[in-house]
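Peer 1: Would you be able to build a 3D model of this:
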Amino acid sequence: GSVTSNLVASPPAVRGADGRLAAVRPGVVDQRVELTRLLQVAAAIEHSLMVQYLYAAYSADVVIAAGMFPDAALWQRQLLTVAREEMGHLMTVQNALRLIGGEPNWMREDIPWDGPYYPFPMEFEPFTFIAIEKYVYAEMDPAIDETPPPGRKISPPREQWEKLRKKIDADVMKATNAKAHHVGTLFHDLLARLRNPTLTDERWFDPATYAQQASWDAWGKGFRPHPLDADLEDPHQPPNVIVAQIGTRTEAIDRLMQIAGQGEAPHLRHPRTRTPSHFDRFMAVYDGVALVAPQVDALVKNLPTNPTTRQQPAHPDAASLRRQYISSAAARMLAELSDLRYRMLVTNLAHSHMVAASQDAAVRATGGYLMQRSFADMFNVKTLAGLLFRAPLTDNPGDARRAGPPFDLPASLDIQGRTPRQMWELQLELTQASAKYCVALLKGAGGPPAASERFLRTLVDLDRNDIARIQAIIRRPAGPGNTGLT
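Peer 2: Prediction:
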(Lines give C-alpha, C1' and ligand atoms only; values in the text may rest on other atoms or scores of the structure.)
Protein backbone atom coordinates (compact mmCIF):
# COMPACT_ATOMS: atom_id res chain seq x y z
CA GLY A 1 0.00 0.00 0.00
CA SER A 2 1.00 3.63 -0.30
CA VAL A 3 2.82 5.40 2.47
CA THR A 4 2.25 9.07 3.17
CA SER A 5 3.94 11.14 5.82
CA ASN A 6 2.22 13.43 8.29
CA LEU A 7 4.45 16.28 7.12
CA VAL A 8 2.61 19.47 6.27
CA ALA A 9 3.75 22.17 3.88
CA SER A 10 2.02 24.94 5.81
CA PRO A 11 3.53 26.61 8.93
CA PRO A 12 4.91 25.72 11.35
CA ALA A 13 7.44 24.44 8.83
CA VAL A 14 10.56 22.71 10.08
CA ARG A 15 13.63 24.84 9.49
CA GLY A 16 15.99 23.16 7.08
CA ALA A 17 13.41 20.47 6.21
CA ASP A 18 12.36 21.65 2.78
CA GLY A 19 13.44 18.53 0.92
CA ARG A 20 16.29 20.38 -0.76
CA LEU A 21 18.53 18.06 -2.73
CA ALA A 22 22.31 18.42 -2.86
CA ALA A 23 23.07 15.94 -5.66
CA VAL A 24 21.45 14.59 -8.80
CA ARG A 25 20.17 11.02 -8.73
CA PRO A 26 18.03 9.01 -11.18
CA GLY A 27 14.40 8.23 -10.37
CA VAL A 28 11.26 10.14 -9.32
CA VAL A 29 12.34 13.46 -7.84
CA ASP A 30 9.18 14.05 -5.77
CA GLN A 31 9.59 10.77 -3.90
CA ARG A 32 13.24 11.51 -3.11
CA VAL A 33 12.27 15.00 -1.95
CA GLU A 34 9.74 13.50 0.48
CA LEU A 35 12.27 11.00 1.86
CA THR A 36 14.78 13.84 2.21
CA ARG A 37 12.24 15.96 4.09
CA LEU A 38 11.48 13.15 6.52
CA LEU A 39 15.19 12.67 7.22
CA GLN A 40 15.65 16.43 7.64
CA VAL A 41 12.77 16.49 10.14
CA ALA A 42 14.41 13.57 11.98
CA ALA A 43 17.67 15.55 12.17
CA ALA A 44 15.84 18.60 13.56
CA ILE A 45 14.08 16.50 16.20
CA GLU A 46 17.27 14.69 17.28
CA HIS A 47 18.99 18.08 17.61
CA SER A 48 16.08 19.63 19.50
CA LEU A 49 15.74 16.75 21.95
CA MET A 50 19.50 16.69 22.52
CA VAL A 51 19.71 20.32 23.65
CA GLN A 52 16.58 20.08 25.81
CA TYR A 53 18.00 17.02 27.56
CA LEU A 54 21.30 18.89 28.05
CA TYR A 55 19.54 21.89 29.59
CA ALA A 56 17.75 19.69 32.13
CA ALA A 57 20.92 17.71 32.84
CA TYR A 58 23.08 20.78 33.44
CA SER A 59 20.43 22.27 35.74
CA ALA A 60 20.51 19.08 37.84
CA ASP A 61 23.79 20.32 39.37
CA VAL A 62 21.53 22.22 41.79
CA VAL A 63 19.81 18.98 42.83
CA ILE A 64 23.14 17.18 43.26
CA ALA A 65 24.62 20.06 45.29
CA ALA A 66 21.74 19.88 47.77
CA GLY A 67 23.01 16.46 48.90
CA MET A 68 19.49 15.22 49.60
CA PHE A 69 19.23 12.35 47.12
CA PRO A 70 21.87 9.59 46.77
CA ASP A 71 20.82 8.91 43.16
CA ALA A 72 20.84 12.53 41.95
CA ALA A 73 24.18 12.16 40.14
CA LEU A 74 22.88 8.99 38.45
CA TRP A 75 19.76 10.86 37.28
CA GLN A 76 21.94 13.53 35.72
CA ARG A 77 24.21 10.92 34.15
CA GLN A 78 21.22 9.24 32.49
CA LEU A 79 20.20 12.51 30.82
CA LEU A 80 23.75 13.22 29.66
CA THR A 81 24.04 9.67 28.32
CA VAL A 82 20.85 10.03 26.28
CA ALA A 83 22.00 13.44 24.96
CA ARG A 84 25.31 11.93 23.81
CA GLU A 85 23.48 9.10 22.08
CA GLU A 86 21.14 11.63 20.42
CA MET A 87 24.27 13.30 18.98
CA GLY A 88 25.15 9.95 17.40
CA HIS A 89 21.62 9.70 15.99
CA LEU A 90 21.95 13.19 14.52
CA MET A 91 25.21 12.28 12.78
CA THR A 92 23.74 9.01 11.47
CA VAL A 93 20.72 10.81 9.99
CA GLN A 94 23.09 13.28 8.28
CA ASN A 95 24.92 10.25 6.83
CA ALA A 96 21.61 8.96 5.44
CA LEU A 97 20.95 12.35 3.84
CA ARG A 98 24.40 12.33 2.22
CA LEU A 99 23.76 8.79 0.93
CA ILE A 100 20.62 9.82 -0.99
CA GLY A 101 21.99 13.19 -2.11
CA GLY A 102 19.87 15.26 0.28
CA GLU A 103 20.92 18.53 1.89
CA PRO A 104 21.98 18.04 5.55
CA ASN A 105 19.93 19.79 8.22
CA TRP A 106 21.76 21.22 11.23
CA MET A 107 18.93 23.51 12.35
CA ARG A 108 16.20 22.97 14.90
CA GLU A 109 13.05 24.77 15.90
CA ASP A 110 12.49 27.76 18.12
CA ILE A 111 10.42 27.94 21.28
CA PRO A 112 7.49 27.17 21.41
CA TRP A 113 7.40 25.33 18.08
CA ASP A 114 5.53 22.07 17.74
CA GLY A 115 4.82 20.09 14.59
CA PRO A 116 3.21 16.90 13.32
CA TYR A 117 6.09 14.68 14.43
CA TYR A 118 7.53 16.68 17.30
CA PRO A 119 6.93 15.06 20.72
CA PHE A 120 5.95 18.28 22.51
CA PRO A 121 6.29 22.06 22.10
CA MET A 122 9.95 22.85 22.57
CA GLU A 123 10.86 24.10 26.04
CA PHE A 124 14.15 24.54 27.89
CA GLU A 125 13.05 23.35 31.31
CA PRO A 126 15.12 22.67 34.41
CA PHE A 127 15.22 19.22 36.00
CA THR A 128 11.57 18.89 37.11
CA PHE A 129 9.28 15.92 37.42
CA ILE A 130 7.05 17.03 34.54
CA ALA A 131 10.11 17.45 32.31
CA ILE A 132 11.08 13.84 33.01
CA GLU A 133 7.51 12.71 32.29
CA LYS A 134 7.67 14.47 28.91
CA TYR A 135 10.94 12.75 28.05
CA VAL A 136 9.47 9.35 29.00
CA TYR A 137 6.47 10.06 26.76
CA ALA A 138 8.63 11.21 23.84
CA GLU A 139 10.73 8.03 23.93
CA MET A 140 7.78 5.63 24.31
CA ASP A 141 7.04 3.12 21.57
CA PRO A 142 3.93 4.40 19.68
CA ALA A 143 2.33 0.96 20.25
CA ILE A 144 2.97 1.06 23.99
CA ASP A 145 -0.73 1.51 24.69
CA GLU A 146 -1.17 -2.11 23.65
CA THR A 147 1.90 -3.75 25.22
CA PRO A 148 3.95 -3.28 28.40
CA PRO A 149 7.31 -1.59 27.84
CA PRO A 150 10.09 -3.91 26.68
CA GLY A 151 13.58 -3.94 28.07
CA ARG A 152 13.05 -2.65 31.59
CA LYS A 153 15.23 -4.31 34.19
CA ILE A 154 12.16 -5.04 36.33
CA SER A 155 9.08 -4.70 34.12
CA PRO A 156 5.96 -3.85 36.15
CA PRO A 157 2.94 -6.18 36.03
CA ARG A 158 0.45 -5.32 33.29
CA GLU A 159 -2.03 -3.69 35.68
CA GLN A 160 0.65 -1.48 37.26
CA TRP A 161 1.94 -0.37 33.86
CA GLU A 162 -1.57 0.53 32.67
CA LYS A 163 -2.04 2.79 35.69
CA LEU A 164 1.41 4.36 35.33
CA ARG A 165 1.07 4.96 31.59
CA LYS A 166 -2.31 6.65 32.04
CA LYS A 167 -0.84 8.99 34.66
CA ILE A 168 2.10 9.93 32.42
CA ASP A 169 -0.25 10.44 29.44
CA ALA A 170 -2.58 12.66 31.47
CA ASP A 171 0.24 14.76 32.98
CA VAL A 172 1.98 15.29 29.63
CA MET A 173 -1.20 16.10 27.72
CA LYS A 174 -2.15 18.66 30.37
CA ALA A 175 1.32 20.24 30.33
CA THR A 176 1.48 20.42 26.52
CA ASN A 177 -2.13 21.39 25.83
CA ALA A 178 -2.68 17.97 24.22
CA LYS A 179 0.14 18.50 21.71
CA ALA A 180 2.32 15.52 22.64
CA HIS A 181 3.43 12.77 20.24
CA HIS A 182 5.68 9.72 20.35
CA VAL A 183 8.79 10.36 18.22
CA GLY A 184 8.78 6.72 17.12
CA THR A 185 5.95 7.58 14.73
CA LEU A 186 8.41 9.43 12.50
CA PHE A 187 10.74 6.44 12.32
CA HIS A 188 7.82 4.16 11.49
CA ASP A 189 7.00 6.40 8.51
CA LEU A 190 10.65 6.65 7.45
CA LEU A 191 11.19 2.90 7.57
CA ALA A 192 7.91 2.16 5.81
CA ARG A 193 8.93 4.48 2.98
CA LEU A 194 12.43 2.98 2.71
CA ARG A 195 11.01 -0.56 2.58
CA ASN A 196 8.47 0.28 -0.13
CA PRO A 197 10.05 -0.23 -3.60
CA THR A 198 7.36 1.91 -5.24
CA LEU A 199 8.43 4.88 -3.11
CA THR A 200 12.18 4.33 -2.94
CA ASP A 201 14.58 3.90 -5.85
CA GLU A 202 17.76 1.86 -5.39
CA ARG A 203 19.57 4.34 -7.64
CA TRP A 204 19.26 7.09 -5.01
CA PHE A 205 21.72 5.33 -2.69
CA ASP A 206 25.29 6.20 -3.67
CA PRO A 207 27.86 3.90 -1.99
CA ALA A 208 30.63 6.30 -3.06
CA THR A 209 29.46 8.63 -0.26
CA TYR A 210 30.28 6.03 2.43
CA ALA A 211 33.85 7.31 2.92
CA GLN A 212 32.54 10.90 3.15
CA GLN A 213 30.24 10.15 6.08
CA ALA A 214 30.81 10.65 9.79
CA SER A 215 32.19 7.52 11.44
CA TRP A 216 32.13 6.02 14.92
CA ASP A 217 35.95 5.96 14.92
CA ALA A 218 35.96 9.75 14.62
CA TRP A 219 32.90 10.76 16.67
CA GLY A 220 31.89 7.88 18.93
CA LYS A 221 35.11 6.30 20.16
CA GLY A 222 35.17 5.96 23.93
CA PHE A 223 31.36 5.92 24.16
CA ARG A 224 30.48 2.25 23.93
CA PRO A 225 29.97 -0.31 26.73
CA HIS A 226 32.78 -2.74 27.50
CA PRO A 227 32.18 -5.98 25.55
CA LEU A 228 31.80 -7.92 28.81
CA ASP A 229 29.03 -5.52 29.91
CA ALA A 230 27.25 -5.17 26.57
CA ASP A 231 24.47 -7.61 27.46
CA LEU A 232 23.61 -6.01 30.79
CA GLU A 233 20.36 -4.06 31.14
CA ASP A 234 21.71 -2.08 34.07
CA PRO A 235 20.84 1.62 33.56
CA HIS A 236 24.26 2.44 35.01
CA GLN A 237 25.76 1.39 31.66
CA PRO A 238 27.85 4.08 29.93
CA PRO A 239 26.71 5.61 26.62
CA ASN A 240 26.58 3.45 23.53
CA VAL A 241 26.97 6.11 20.84
CA ILE A 242 25.88 4.88 17.40
CA VAL A 243 27.44 6.77 14.50
CA ALA A 244 26.70 4.53 11.52
CA GLN A 245 28.03 4.86 7.99
CA ILE A 246 25.60 3.73 5.30
CA GLY A 247 26.21 2.48 1.76
CA THR A 248 22.95 0.88 0.58
CA ARG A 249 19.20 0.99 1.09
CA THR A 250 19.38 -2.23 3.14
CA GLU A 251 22.00 -0.64 5.39
CA ALA A 252 19.89 2.54 5.66
CA ILE A 253 16.96 0.49 6.97
CA ASP A 254 19.21 -1.38 9.40
CA ARG A 255 20.99 1.73 10.73
CA LEU A 256 17.78 3.70 11.19
CA MET A 257 16.30 0.70 13.03
CA GLN A 258 19.38 0.75 15.28
CA ILE A 259 18.99 4.37 16.30
CA ALA A 260 15.20 4.16 16.54
CA GLY A 261 15.52 1.01 18.65
CA GLN A 262 17.98 2.70 20.98
CA GLY A 263 15.82 5.77 21.22
CA GLU A 264 12.19 6.27 20.35
CA ALA A 265 11.09 2.79 19.24
CA PRO A 266 12.62 0.14 21.54
CA HIS A 267 10.59 -2.66 19.92
CA LEU A 268 12.65 -2.18 16.71
CA ARG A 269 15.86 -3.27 18.45
CA HIS A 270 17.54 -6.53 17.59
CA PRO A 271 16.32 -9.22 20.02
CA ARG A 272 19.87 -9.74 21.32
CA THR A 273 20.39 -6.03 22.08
CA ARG A 274 20.14 -5.62 25.84
CA THR A 275 21.72 -2.23 26.47
CA PRO A 276 19.24 0.27 27.92
CA SER A 277 17.05 2.21 25.51
CA HIS A 278 16.33 5.88 26.09
CA PHE A 279 12.92 4.85 27.39
CA ASP A 280 14.63 2.53 29.90
CA ARG A 281 16.96 5.27 31.06
CA PHE A 282 14.23 7.87 31.48
CA MET A 283 12.00 5.39 33.29
CA ALA A 284 14.88 4.73 35.71
CA VAL A 285 15.02 8.48 36.39
CA TYR A 286 11.22 8.68 36.61
CA ASP A 287 11.05 5.88 39.16
CA GLY A 288 13.52 7.71 41.41
CA VAL A 289 12.23 11.26 41.01
CA ALA A 290 8.56 10.25 41.39
CA LEU A 291 9.24 9.44 45.06
CA VAL A 292 10.63 12.92 45.81
CA ALA A 293 9.10 15.11 43.09
CA PRO A 294 8.01 18.05 45.31
CA GLN A 295 11.47 18.32 46.90
CA VAL A 296 13.23 18.15 43.51
CA ASP A 297 10.93 20.76 41.98
CA ALA A 298 11.50 23.06 44.97
CA LEU A 299 15.29 22.88 44.50
CA VAL A 300 15.09 24.12 40.89
CA LYS A 301 12.28 26.65 41.36
CA ASN A 302 14.68 29.60 40.88
CA LEU A 303 16.07 28.28 37.59
CA PRO A 304 14.49 29.69 34.43
CA THR A 305 12.40 28.07 31.76
CA ASN A 306 13.30 29.33 28.27
CA PRO A 307 15.85 32.00 29.30
CA THR A 308 16.58 34.62 26.68
CA THR A 309 18.87 37.58 26.05
CA ARG A 310 16.15 39.33 24.04
CA GLN A 311 13.84 41.77 25.79
CA GLN A 312 10.12 41.22 25.48
CA PRO A 313 8.47 43.45 22.86
CA ALA A 314 5.92 46.05 23.93
CA HIS A 315 3.15 43.74 22.80
CA PRO A 316 4.50 40.24 23.42
CA ASP A 317 3.10 37.24 21.60
CA ALA A 318 2.60 33.82 23.16
CA ALA A 319 6.17 32.77 22.33
CA SER A 320 7.67 35.85 24.02
CA LEU A 321 5.58 35.32 27.14
CA ARG A 322 7.07 31.84 27.56
CA ARG A 323 10.61 33.21 27.78
CA GLN A 324 12.42 34.64 30.82
CA TYR A 325 14.58 37.66 30.05
CA ILE A 326 18.06 37.76 31.59
CA SER A 327 18.13 41.40 32.68
CA SER A 328 21.41 41.23 34.66
CA ALA A 329 23.91 42.87 32.29
CA ALA A 330 26.86 40.61 33.12
CA ALA A 331 24.79 37.41 33.07
CA ARG A 332 23.19 38.45 29.80
CA MET A 333 26.59 38.96 28.16
CA LEU A 334 27.68 35.55 29.46
CA ALA A 335 24.51 34.05 27.96
CA GLU A 336 25.29 35.73 24.62
CA LEU A 337 28.74 34.13 24.73
CA SER A 338 27.08 30.78 25.51
CA ASP A 339 24.80 31.15 22.47
CA LEU A 340 27.79 32.06 20.31
CA ARG A 341 29.74 28.98 21.41
CA TYR A 342 26.65 26.82 20.77
CA ARG A 343 26.43 28.31 17.28
CA MET A 344 30.14 27.62 16.81
CA LEU A 345 29.64 24.00 17.85
CA VAL A 346 26.87 23.47 15.30
CA THR A 347 28.89 25.32 12.64
CA ASN A 348 31.90 23.10 13.34
CA LEU A 349 29.75 19.96 12.94
CA ALA A 350 28.33 21.26 9.66
CA HIS A 351 31.75 22.40 8.42
CA SER A 352 33.34 19.01 9.19
CA HIS A 353 30.52 17.35 7.23
CA MET A 354 31.24 19.67 4.28
CA VAL A 355 35.01 19.15 4.13
CA ALA A 356 34.65 15.35 4.27
CA ALA A 357 33.06 15.44 0.80
CA SER A 358 35.68 17.72 -0.77
CA GLN A 359 37.77 16.50 -3.72
CA ASP A 360 40.60 18.71 -2.47
CA ALA A 361 43.09 17.01 -0.13
CA ALA A 362 43.97 20.33 1.53
CA VAL A 363 40.32 20.95 2.40
CA ARG A 364 39.78 17.39 3.70
CA ALA A 365 42.89 17.70 5.86
CA THR A 366 41.18 20.36 7.99
CA GLY A 367 38.56 17.84 9.16
CA GLY A 368 40.57 16.74 12.19
CA TYR A 369 40.92 20.31 13.41
CA LEU A 370 37.18 20.90 12.98
CA MET A 371 36.45 17.76 14.98
CA GLN A 372 38.80 19.00 17.71
CA ARG A 373 36.96 22.35 17.74
CA SER A 374 33.62 20.54 18.00
CA PHE A 375 34.65 18.54 21.07
CA ALA A 376 36.15 21.67 22.65
CA ASP A 377 32.89 23.55 22.23
CA MET A 378 30.91 20.70 23.78
CA PHE A 379 32.99 21.37 26.90
CA ASN A 380 32.64 25.15 26.55
CA VAL A 381 28.84 24.95 26.26
CA LYS A 382 28.66 22.73 29.35
CA THR A 383 30.93 25.03 31.39
CA LEU A 384 29.01 28.16 30.38
CA ALA A 385 25.72 26.48 31.31
CA GLY A 386 27.05 25.75 34.80
CA LEU A 387 28.21 29.36 35.21
CA LEU A 388 24.87 30.74 34.02
CA PHE A 389 22.83 28.59 36.41
CA ARG A 390 24.81 30.25 39.21
CA ALA A 391 24.49 33.77 37.78
CA PRO A 392 21.61 36.10 38.74
CA LEU A 393 18.66 36.53 36.38
CA THR A 394 18.30 40.17 37.45
CA ASP A 395 20.38 42.72 39.33
CA ASN A 396 17.57 43.38 41.80
CA PRO A 397 18.68 42.91 45.44
CA GLY A 398 16.96 39.96 47.07
CA ASP A 399 15.96 38.32 43.77
CA ALA A 400 17.05 34.68 44.12
CA ARG A 401 16.21 33.71 40.53
CA ARG A 402 19.08 32.42 38.40
CA ALA A 403 19.95 32.78 34.72
CA GLY A 404 20.48 29.86 32.33
CA PRO A 405 21.83 29.04 28.85
CA PRO A 406 19.31 30.16 26.19
CA PHE A 407 20.56 27.75 23.50
CA ASP A 408 19.46 30.27 20.88
CA LEU A 409 20.44 29.74 17.26
CA PRO A 410 20.16 32.37 14.52
CA ALA A 411 17.56 31.88 11.80
CA SER A 412 20.36 30.55 9.60
CA LEU A 413 23.90 29.29 10.16
CA ASP A 414 24.87 31.32 7.06
CA ILE A 415 26.84 28.46 5.52
CA GLN A 416 24.86 27.77 2.34
CA GLY A 417 26.85 28.35 -0.84
CA ARG A 418 30.08 29.32 0.90
CA THR A 419 33.39 28.33 -0.65
CA PRO A 420 36.02 26.60 1.54
CA ARG A 421 37.75 29.97 2.04
CA GLN A 422 34.48 31.67 2.95
CA MET A 423 33.71 28.96 5.49
CA TRP A 424 37.01 29.60 7.23
CA GLU A 425 36.36 33.34 7.08
CA LEU A 426 33.10 32.67 8.92
CA GLN A 427 34.99 30.56 11.48
CA LEU A 428 37.43 33.43 11.94
CA GLU A 429 34.61 35.95 12.42
CA LEU A 430 32.90 33.78 15.06
CA THR A 431 36.14 33.09 16.96
CA GLN A 432 37.06 36.78 16.99
CA ALA A 433 33.58 37.58 18.34
CA SER A 434 34.06 35.03 21.14
CA ALA A 435 37.41 36.59 22.13
CA LYS A 436 35.77 40.04 22.25
CA TYR A 437 33.02 38.75 24.54
CA CYS A 438 35.61 37.22 26.89
CA VAL A 439 37.61 40.46 27.07
CA ALA A 440 34.46 42.52 27.67
CA LEU A 441 33.32 40.22 30.47
CA LEU A 442 36.75 40.30 32.13
CA LYS A 443 36.87 44.11 31.95
CA GLY A 444 33.26 44.68 33.03
CA ALA A 445 32.58 47.38 35.62
CA GLY A 446 31.53 44.85 38.23
CA GLY A 447 34.12 42.28 37.24
CA PRO A 448 33.37 38.97 35.52
CA PRO A 449 30.40 36.88 36.68
CA ALA A 450 31.05 34.72 39.74
CA ALA A 451 33.55 31.86 39.27
CA SER A 452 33.96 32.66 35.55
CA GLU A 453 37.30 34.52 35.49
CA ARG A 454 39.61 31.53 35.12
CA PHE A 455 37.47 29.98 32.39
CA LEU A 456 37.19 33.26 30.47
CA ARG A 457 40.94 33.89 30.59
CA THR A 458 41.61 30.36 29.33
CA LEU A 459 39.00 30.69 26.60
CA VAL A 460 40.34 34.00 25.29
CA ASP A 461 43.85 32.50 25.10
CA LEU A 462 42.49 29.51 23.18
CA ASP A 463 40.53 31.84 20.89
CA ARG A 464 43.67 33.81 20.08
CA ASN A 465 45.50 30.59 19.22
CA ASP A 466 42.59 29.50 17.01
CA ILE A 467 42.49 32.89 15.30
CA ALA A 468 46.13 32.52 14.33
CA ARG A 469 45.58 28.95 13.13
CA ILE A 470 42.51 29.87 11.06
CA GLN A 471 44.33 32.81 9.50
CA ALA A 472 47.15 30.44 8.51
CA ILE A 473 44.62 28.08 6.90
CA ILE A 474 43.05 30.95 4.95
CA ARG A 475 46.34 32.23 3.56
CA ARG A 476 47.87 28.80 2.93
CA PRO A 477 49.43 28.98 -0.55
CA ALA A 478 48.93 26.37 -3.23
CA GLY A 479 51.68 23.78 -3.62
CA PRO A 480 52.34 20.14 -4.52
CA GLY A 481 49.23 18.18 -3.53
CA ASN A 482 47.71 21.35 -2.10
CA THR A 483 45.55 23.65 -4.19
CA GLY A 484 45.10 26.17 -1.37
CA LEU A 485 41.67 27.46 -0.41
CA THR A 486 39.38 29.01 -2.98
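Peer 1: Every contact and neighbour count from this point should use C-alpha atoms.
Peer 2: Will do.
Peer 1: Return the helix or strand in the chain with minimum mean pLDDT.
Peer 2: For the chain, using mean pLDDT, DSSP states H and E, the weakest element among its helices and strands is helix 318-321, scoring a mean of 72.
Peer 1: Report all helices and strands that that helix contacts.
Peer 2: Contacting helix 318-321 under the criterion 3 or more Cα pairs under 8 Å, 6 or more residues apart in numbering; DSSP states H and E is no other helix or strand.
Peer 1: Near Gln160, how many residues? Count them for me, please.
Peer 2: When neighbours are defined as other Cα atoms under 10 Å, Gln160 has 11 of them.
Peer 1: Can you give me the end-to-end span of stretch 97-104?
Peer 2: 6 Å (Cα to Cα, to the nearest Å).
Peer 1: For that stretch, give me every contacting residue.
Peer 2: Residues outside stretch 97-104 that contact it (Cα atoms under 8 Å, 6 or more residues apart in numbering) are 19-25, 32-33, 36, 39-40, 94, 204-207, 209-210, 213, 246-248.
Peer 1: so of those residues, which ones are in helices?
Peer 2: 32-33, 36, 39-40, 94 (DSSP state H).
Peer 1: measure the nearest residue to Tyr135 once chain neighbours are set aside to Ala83 for me?
Peer 2: Distance criterion Cα to Cα, 6 or more residues apart in numbering; nearest residue to Tyr135, sequence neighbours excluded, is Phe282 at 6.8 Å. Using Cα to Cα, Phe282 is found at 12 Å from Ala83.
Peer 1: Same check on Val243?
Peer 2: Taking Cα to Cα, one finds Val243 at 14 Å from Ala83.
Peer 1: and what of Val51?
Peer 2: Counting by Cα to Cα, the gap from Val51 to Ala83 is 7 Å.
Peer 1: Who has more neighbours out of Val243 and Ala83?
Peer 2: Set side by side, Val243 and Ala83 show more neighbours around Val243, with 28 against 25, by other Cα under 10 Å.
Peer 1: my read: that one touches Gly220, true?
Peer 2: Yes - counting by Cα atoms under 8 Å, Val243 touches Gly220, with 6.4 Å between them.
Peer 1: Which neighbours do those two have in common?
Peer 2: With contacts defined as Cα under 8 Å, 6+ apart, the residues shared by Val243 and Gly220 are Gly88.
Peer 1: tell me the contacts of His89?
Peer 2: 46, 242-243, 259.
Peer 1: Save those residues as a markdown table, and put in pLDDT too.
Peer 2: Formatted as a markdown table, the contacts of His89 follow (pLDDT from 0 to 100):
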| residue | pLDDT |
| --- | --- |
| Glu46 | 94 |
| Ile242 | 91 |
| Val243 | 93 |
| Ile259 | 92 |
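Peer 1: just those residues now: which is nearest Leu194?
Peer 2: Ile259 (15.2 Å; Cα to Cα).
Peer 1: what's the helix or strand for the closest one?
Peer 2: helix 249-262 (DSSP states H and E).
Peer 1: Can you give me the buried ones in the very next helix or strand once past that helix?
Peer 2: Counting by DSSP H and E, the next helix or strand C-terminal to helix 249-262 is helix 278-289. Buried residues in helix 278-289, defined by neighbour count with 16 or more other Cα atoms under 10 Å: 278-286, 288-289.
Peer 1: pLDDT of the next helix or strand after helix 278-289, averaged?
Peer 2: The C-terminal neighbour of helix 278-289 among helices and strands, as given by DSSP H and E, is helix 293-299. For helix 293-299, mean pLDDT is 98.
Peer 1: Please list the outside residues in contact with helix 293-299.
Peer 2: Under the contact criterion Cα under 8 Å, 6+ apart, helix 293-299 has outside partners 62-63, 66, 127-129, 289.
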